[in-house]
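A.B. asks: Task: produce atomic coordinates for the following.
(2 chains)
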There are 2 protein chains.
Amino acid sequence: MTSMGNRTFHSEADLIAWLRRRTPRRVPDLLVGIGDDAALLKVPPGQELLLTTDMSIETVHFTTTSHPPRAVGHRALARSLSDVAAMGGIPRYALISLALSRATERTWLEDFFNGLFALARQFRVAVIGGDTAVSGGKISADVVAVGTVHRNQALRRSGAQPGDRIFVSGRLGMAALGLRLLLERRRIRKPLDRAALRAHLFPQPQCALGRFLAARRLASAMMDLSDGLSIDLRRLCDASRVGATLFGDRIPIPPLPHVEDALDLALHGGEDYQLLFTVPAAKCSKVPHHFGRVPLCCIGEIRSKRGMDLITSEGQALPVVNRGYDHFARISHL
Amino acid sequence: MTSMGNRTFHSEADLIAWLRRRTPRRVPDLLVGIGDDAALLKVPPGQELLLTTDMSIETVHFTTTSHPPRAVGHRALARSLSDVAAMGGIPRYALISLALSRATERTWLEDFFNGLFALARQFRVAVIGGDTAVSGGKISADVVAVGTVHRNQALRRSGAQPGDRIFVSGRLGMAALGLRLLLERRRIRKPLDRAALRAHLFPQPQCALGRFLAARRLASAMMDLSDGLSIDLRRLCDASRVGATLFGDRIPIPPLPHVEDALDLALHGGEDYQLLFTVPAAKCSKVPHHFGRVPLCCIGEIRSKRGMDLITSEGQALPVVNRGYDHFARISHL
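C.D. replies: Predicted coordinates:
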C-alpha cells in the first residue's frame, strides 16, 4: 500500500472516517448515522417519507475527462434531490454507494465529495450511510435521497386532468446546451454560455418551488425534468391517462440567438432538473410568473385525447416525437 | 431494436412495467410505489426507520460465469436485509439500482429478479423503487433496504461492555467454503458440501433472530458478519471501545473433516451473513442454544483491553490478525 502514497484512501475504514469527519455531529431526527449496519432515524408525526435513488455512471452520466469531480458529486446528489422536490418534499438525508475504479485518485474522490457535500449543506441534507467498493470497472455512484412531506401533500404524476394548464420552471434545454459546449471544449466567454455550462455541471434542484406548490395545493400533478420534456411529459400524461397540447412559442428556450436548434434542445434535452407541473385552470392566476429568480411558464394544456401535439407559431399542430433519453433505447443505437 | 428480439427489454418503461407486474398491489403503509419520482410511505407510530444500502458488483461480488443469476439477485437483497436484521429491525421495503452491461440478456435479468423477488416474498419485503441504466461496463446492483424497528429497541455496534459474552449464529466459514467449491467447479456430491454451496449462493438473513434479540433486550451490541469474523468483530470492538478474547475451540467451524483450514475460513471468510452479538453475562442463560435450526454459540468474551486474542485449544493466546475483506485493501493486491 505504501506504493500508493497519498494517491488513495488506505482502507474503507479510512474513507469512512474521512466522511464522518465531514458530517455534522447533530442531525435532526437522526439516531444512528454512518458507521453502523444501518442508519436509524425518527420520522416526525404528521410527516410521510419519500425515498428515491439515482445512479451516476462514468461514460453514461459523466466522463472523468470532461467533468470536474466537484460537478460529478454535485450532480449525483442533485438528481436525487430533484426527485424529492418533484413530490413536494423536503430532502433530509442521503446515502451514497460508490464503486471506484482502481485508478481513482484520492484528489478526485475528495473533490467528488466536496461537490456533493457543498450541495448537501445548501439543502441541509445529511449523508447518513452508503457503501463503497473498488472494482476494475468504471466509477459509479448511486445516491439515495430520503425526504419528508406533510401528510396528504405529496404530488404525484397521476393527478393531471383535462383542462389543466402545463407549467415548467426555468429555461429548458440549458443543460443540454451546456453539455454540448463542454464536449466542444470551446472557450466560454459569453455570460449566457456560462449559464448553460453551469446548468449542466451544477443543476439546482427546485426544492423550494416543489414545496411551495405542494403546500399551497396549486399543482394537480408534478414531476422533474430529467430525461427531456418530450419523454417526461409523456410519462406524466401516461400516469394521468391524458394527452397534452404544447404551444411552441411559449416554451422557454435557451435565450441564445446563435443556437439554431433551441426548441429541439428544450423539447428533447435532458438533465435540466426543472419541475414540470399541471395546474387546474381556476388556480392558474395564483401561480407567480417567477419563483425567486426562476421563471414559471405556462406552456400548454392537458386534454383527454391521448398523445402530444405541438402548436407551432404558424398555428400548425405537429405530433411530438419521443426523443428524450431512455437508457434501454441506447442498446439499439449500437 | 427488432434485431435484439427477445434478448432484452425494449425500454426502461418495458422493464419497469415488468417489475410492476411482479410487485404486490397492496403493500402495508406504502402510498406510492414504483413509477413516480419517489416512493412515498407512512411510518407507523412507535416505529423508527432503518436505512441501509449494499452494492453487488460483477467480478467483485459475483461473476456471470460462476454465479447463477437467481443467486446474484438473492444475494444482492440478502446483503441489505442482513443489515436490517443486524439492527434488530424488520425489513419492509427495497429499492434496486441496476446498471446493466449492453451484453446482459433478458433471461439473465429475469432470473436475477426472480431470485431477488423470491427472497423478498419470503421476508414480505416490497420493491418500491430504484433506477436502471445501461453502461458499457460491468453489471452492478445497489440494493437499499428500509426497515422498521420498535422505538428504543435498535441494536448498535457500540454497546458492548467488558465481561459481555460474544455470540455468533450459524456455522462460520460456510459461505467462504461454498465459494471455494464453486470456483473449483467440482461436482458436488456430499450433503455438507451442498450446504456450503447453498450458504454462499443463497445466504439466509437472520431477521427473526435479530428481532428476537432486540425485542427481548438480550444483546448489548450486534452486527452482521459480512466481511469475516476477524474484521467484523474488530469493528464492533472499535465502536464499543473494547477488546475481545476468542476461544478457538468454541468457534463453530464448517463440520467437514477434509477441510484443513476450517478455523481460518471461520475467522476470515466473509459473506456468512450470520449475526455477531454480545450478551451481558447475567443474561447468557436466556440465550437459547438454537434459534429455530440455527445454532447460537458463545465464542468469547469482551474485555477492556483493546485488541483481539484467540485462545487455542492448548491454552495459548494468539493475536487475531485482521484478514477479513476490505475493498480498499484490494488496491494493494494489484
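A.B. asks: Now the closest residue to residue A:188 other than its chain neighbours: which helix or strand?
C.D. replies: The spatially closest residue to residue A:188, leaving aside those adjacent along the chain, is residue A:194, at 5.3 Å (C-beta to C-beta, 6 or more residues apart in numbering or on different chains). To be clear about C-beta, it is placed using only N, CA and C from the backbone, and glycine gets the same treatment. Counting by DSSP states H and E, the element that carries residue A:194 is helix A:191-201.
A.B. asks: helices and strands around that helix, which ones?
C.D. replies: Contact analysis of helix A:191-201 by 3 or more C-beta pairs under 8 Å, 6 or more residues apart in numbering or on different chains; DSSP states H and E lists helix A:69-86, helix A:174-184 as its packing neighbours.
A.B. asks: Any regions of chain A where pLDDT drops low?
C.D. replies: When the per-residue scores of chain A are filtered using pLDDT under 70, the ranges that remain are A:1-8, A:10, A:323-334.
A.B. asks: in the stretch 201-334 of chain A, which spans are strands?
C.D. replies: Defined through DSSP state E, counting those that start in this stretch, the strands belonging to the stretch 201-334 of chain A, from first to last, are A:221-224, A:243-247, A:275-279, A:290-291, A:294-303, A:308-311, A:317-319.
A.B. asks: Would you give the sheet partners of the fourth one, along with the direction of each?
C.D. replies: Looking at strand A:290-291 with DSSP bridges, its paired strands and their directions are strand A:294-303 (antiparallel).
A.B. asks: buried sites along the partner strand?
C.D. replies: Neighbour-count burial for strand A:294-303, counted by 16 or more other C-beta atoms under 10 Å in any protein chain shown, picks out A:294, A:296, A:297, A:299, A:300, A:301, A:302, A:303.
A.B. asks: tell me which residues of stretch A:181-195 are tucked away?
C.D. replies: When burial is assessed from 16+ other C-beta under 10 Å, stretch A:181-195 yields the following buried residues: A:181, A:182, A:188, A:192, A:193, A:195.
A.B. asks: Quick check, the last one in contact with residue A:174.
C.D. replies: Yes. Under the criterion of C-beta atoms under 8 Å, residue A:195 makes contact with residue A:174 at 6.8 Å.
A.B. asks: So which bits of the stretch 151-300 of chain A are right by chain B?
C.D. replies: Near chain B, the residues belonging to the stretch 151-300 of chain A are A:154, A:156, A:157, A:158, A:222, A:223, A:224, A:235, A:239 when assessed by C-beta under 8 Å from any C-beta of the partner chain.
A.B. asks: which of these sit farthest apart?
C.D. replies: A:154 and A:235 (17.0 Å; C-beta to C-beta).
A.B. asks: what about stretch A:73-81, distance to the chain center?
C.D. replies: 7 Å (C-alpha atoms, centre = their mean, to the nearest Å).
A.B. asks: Kindly export that stretch (C-alpha atoms) in PDB.
C.D. replies: Once non-C-alpha atoms are left out, stretch A:73-81 reads as follows in PDB (Å, rounded to 0.1, in the frame of the first residue of the first chain):
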ATOM      1  CA  GLY A  73     -20.500  14.900  -6.900                       C
ATOM      2  CA  HIS A  74     -22.900  17.800  -7.200                       C
ATOM      3  CA  ARG A  75     -24.900  16.300 -10.000                       C
ATOM      4  CA  ALA A  76     -25.100  12.800  -8.400                       C
ATOM      5  CA  LEU A  77     -26.800  14.300  -5.400                       C
ATOM      6  CA  ALA A  78     -28.800  16.900  -7.400                       C
ATOM      7  CA  ARG A  79     -30.500  14.100  -9.400                       C
ATOM      8  CA  SER A  80     -32.000  12.500  -6.200                       C
ATOM      9  CA  LEU A  81     -32.800  15.800  -4.500                       C
END
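A.B. asks: Break chain A into its domains for me.
C.D. replies: Per automatic domain parsing, the domain ranges recorded for chain A read A:2-150, A:157-333.
A.B. asks: thinking again about what came up before, got the angle between the helix holding residue A:194 and helix A:174-184?
C.D. replies: Calculated by axes from the mean of the first three to the mean of the last three C-alpha atoms, to 10 degrees, helix A:191-201 forms an angle of 100 degrees with helix A:174-184.
A.B. asks: Need the contact partners of helix A:191-201.
C.D. replies: Residues outside helix A:191-201 that contact it (C-beta atoms under 8 Å, 6 or more residues apart in numbering or on different chains) are A:67-68, A:71, A:74-75, A:171, A:174-179, A:181-182, A:188, A:254-256, A:271-272.
A.B. asks: With distance to residue B:212 added, can I get the buried residues of strand A:294-303 in a markdown table?
C.D. replies: Formatted as a markdown table, the buried residues of strand A:294-303 follow (distance: C-beta to C-beta, whole Å):
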| residue | distance to residue B:212 |
| --- | --- |
| A:294 | 52 |
| A:296 | 54 |
| A:297 | 57 |
| A:299 | 57 |
| A:300 | 57 |
| A:301 | 58 |
| A:302 | 53 |
| A:303 | 57 |
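A.B. asks: Return the residues in contact with the spatially most central residue of chain A.
C.D. replies: Closest to where the C-alpha atoms of chain A average out (C-alpha atoms, centre = their mean) is residue A:79, at 3.3 Å. Listed by C-beta under 8 Å, 6+ apart, the contact set of residue A:79 reads A:54, A:56, A:143, A:226, A:273.
A.B. asks: same check, this time on residue A:235
C.D. replies: With C-beta under 8 Å, 6+ apart, residue A:235 has these contacts: A:157, A:223, B:13.
A.B. asks: of those residues, closest to residue A:203?
C.D. replies: When those are ranked by distance to residue A:203 (C-beta to C-beta), residue A:223 comes first, at 15.4 Å.
A.B. asks: so who does the closest one touch?
C.D. replies: The contact partners of residue A:223, by C-beta under 8 Å, 6+ apart, come to A:86, A:157, A:232, A:235, A:236, A:275, A:276, A:277, B:36, B:37.
A.B. asks: mind running it again at 6 Å?
C.D. replies: Contacts for residue A:223 (C-beta atoms under 6 Å, 6 or more residues apart in numbering or on different chains) come out as A:86, A:157, A:236, A:276, B:37.
A.B. asks: For those residues, pick the one with the most neighbours.
C.D. replies: Among the contacts of residue A:223, the one with the most neighbours (other C-beta atoms under 10 Å in any protein chain shown) is residue A:86, at 33 neighbours.
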